[in-house]
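# sequence and predicted structure are below.
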Amino acid sequence: MTDPHRLFLPVLCAALLSATARAADSDEAGAEQPAPVVSLQAAYAGDFWQVPTGGLESGGAYLDDLDVQLAVDLEQAIGWQGAQFFFYAIYNDGNELSGDKIGDLNGVSNIETGLEALRVQEAWIDQTFADGRLSLRGGMYDLNSEFDAGEVRALFLGSSHGMGTEFGQTGLNGPSVFPVTSLGARLNWSFGEGAYARVAVLDGVLLAGRRELFAAVPFDAGTFDGFHLYDVDWSARAAAAGFRLAAAGDLLLVHHSRGRYDERWRTYADRFCAKHALAGIPPSAQRTFFEAAFNTADEVRAFYARLAGLSG
């Protein structure tokens, strides 16, 4: 059994701090105030959990979550009509509860991450068209900010009250939601009276190249119509076409799961081997896949520093 206590502590002298600059003031009593040009908000949540008996081991754990949000009305700030900028950073202490002490599958706290880190959760620009009915948003995007989102769920501590499995179990590393998000674009059309149509496209780890490279070597969406090995196929064909390839070792990227080398992966691996005339080559007896587990951001930095030393 567990005993949770959540403390909402003041940050920047208040649990919610808003600093606003207004374009104009109205002298009329009761007149509607204009939207702020700049809005800064910060909030801190802390959970202390105690496992008195049962689970993996008894003991306590303190989990925390610091949120800082900055919103800028670009139309009032610089004259960019219909545009807004939003920045959202989070910090978590990385202490574990479910994995170290409880051993449950669902997760009892919705702010447990298992990795101490300061992250950019969202950073996007939203542009409206057609008198505000059409909205295009692009940048670092949290899918759960608009999809499968509910205000009532924020009243519960357990992670099971969050996003549904139809979203939460998509992708090898899960969807672009707390605590790890990705680049994306969202399109929203409002029909009025609360009716709207909304769609989002989200990306994974960065794969970069010059425009002429992607024009000369497009992705093979016919053969690799799923998640696996499309990037390996593209890299192999780019190298065969004479382009120079490199892995950026100074980007500190960590995959939050070991991946699933299941039948779906095997299907695309067979397609890759057949396409590149590798089907007749027997698999190597020596393992060529390695992994390393990290508990803190400092361990990630030390690992990449070690790799840089080996390459030098």
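Structure's in. What do you need?
# C-alpha only now, for contacts and for neighbours.
Will do.
# so residue 128 belongs to a strand, correct?
Yes - assessed with DSSP: H, G, I helix; E, B strand; the rest coil, residue 128 lies in a strand.
# quick check: chain neighbours aside, which residue is closest to it?
residue 135 (4.3 Å; C-alpha to C-alpha, 6 or more residues apart in numbering).
# quickly run through the sheet partners of the helix or strand containing that neighbour, with directions.
Using DSSP states H and E, residue 135 maps to strand 134-141. Using DSSP bridges, the strands paired with strand 134-141 are strand 117-129 (antiparallel), strand 182-192 (antiparallel).
# for the stretch 51-200 of the chain, what are the low-confidence residue spans?
For the stretch 51-200 of the chain, residues meeting the criterion pLDDT under 70 lie at 105-106, 158-174.
# just checking, residue 47 touches residue 62?
Yes - contact criterion C-alpha atoms under 8 Å: residue 47 and residue 62 qualify, at 5.6 Å.
# tell me where the stretch 101-250 of the chain has helices.
All helices of the stretch 101-250 of the chain, identified by DSSP state H, counting those that start in this stretch, fall at 165-168, 211-216, 230-240.
# now the longest one, how far from the centre of its chain.
What that stands for is helix 230-240. 26 Å (C-alpha atoms, centre = their mean, to the nearest Å).
# average pLDDT for it?
Mean pLDDT, helix 230-240: 87.
# what's next to it, contact-wise?
213, 217, 218, 219, 220, 221, 224, 244, 245, 272 (C-alpha atoms under 8 Å, 6 or more residues apart in numbering).
# geometric centre of the chain: which residue is closest?
residue 181 (0.9 Å; C-alpha atoms, centre = their mean).
# let me see the contact set for that residue.
Residue 181 is in contact with 121, 122, 140, 141, 142, 175, counting by C-alpha under 8 Å, 6+ apart.
# what is the burial count for the third one?
By that I understand residue 140. 23 (other C-alpha atoms under 10 Å).
# go on, residue 277?
10.
# identify the contacts common to residue 47 and residue 62.
By C-alpha under 8 Å, 6+ apart, no residue touches both residue 47 and residue 62.
# can you pull out the strands in this protein?
3-9, 38-51, 59-73, 83-92, 117-129, 134-141, 182-192, 195-202 (DSSP state E).
# out of those strands, which is closest to residue 155?
Closest to residue 155 of these is strand 3-9 (C-alpha to C-alpha; 11.4 Å).
# what does the average pLDDT come to for the closest one?
On average, strand 3-9 scores 46.
# check stretch 38-46 too.
94.
# using PDB, list the CA coordinates for it.
Extracted in PDB, the C-alpha atoms of stretch 38-46 (Å, rounded to 0.1, in the frame of the first residue of the first chain):
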ATOM      1  CA  VAL A  38       3.500  38.500 -22.400                       C
ATOM      2  CA  SER A  39       2.300  35.900 -19.900                       C
ATOM      3  CA  LEU A  40       4.800  34.100 -17.600                       C
ATOM      4  CA  GLN A  41       3.500  31.200 -15.400                       C
ATOM      5  CA  ALA A  42       5.300  28.900 -13.000                       C
ATOM      6  CA  ALA A  43       4.100  26.000 -10.800                       C
ATOM      7  CA  TYR A  44       5.700  23.400  -8.600                       C
ATOM      8  CA  ALA A  45       4.200  20.100  -7.500                       C
ATOM      9  CA  GLY A  46       5.800  17.700  -5.000                       C
END
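# residue 265 contacts residue 226, correct?
No - using C-alpha under 8 Å, residue 265 is not in contact with residue 226, being 9.4 Å away.
# out of the two, which sits in the busier spot?
More neighbours surround residue 265 than the other of residue 265 and residue 226, with 16 against 12 (other C-alpha under 10 Å).
# need the contact list for the more buried one.
residue 228.
# quick one: it and residue 63, what's the gap?
36 Å (C-alpha to C-alpha, to the nearest Å).
# which pair in the contacts of residue 181 has the greatest spatial separation?
Longest span within those, C-alpha to C-alpha: 122 and 175, 14.0 Å.
# more neighbours: the two, which one.
residue 122 (24 against 20).
# my guess is the more buried one meets residue 87, correct?
Yes - checked against C-alpha under 8 Å, the pair residue 122 and residue 87 is within contact range at 5.5 Å.
# nice, that's everything, thank you.
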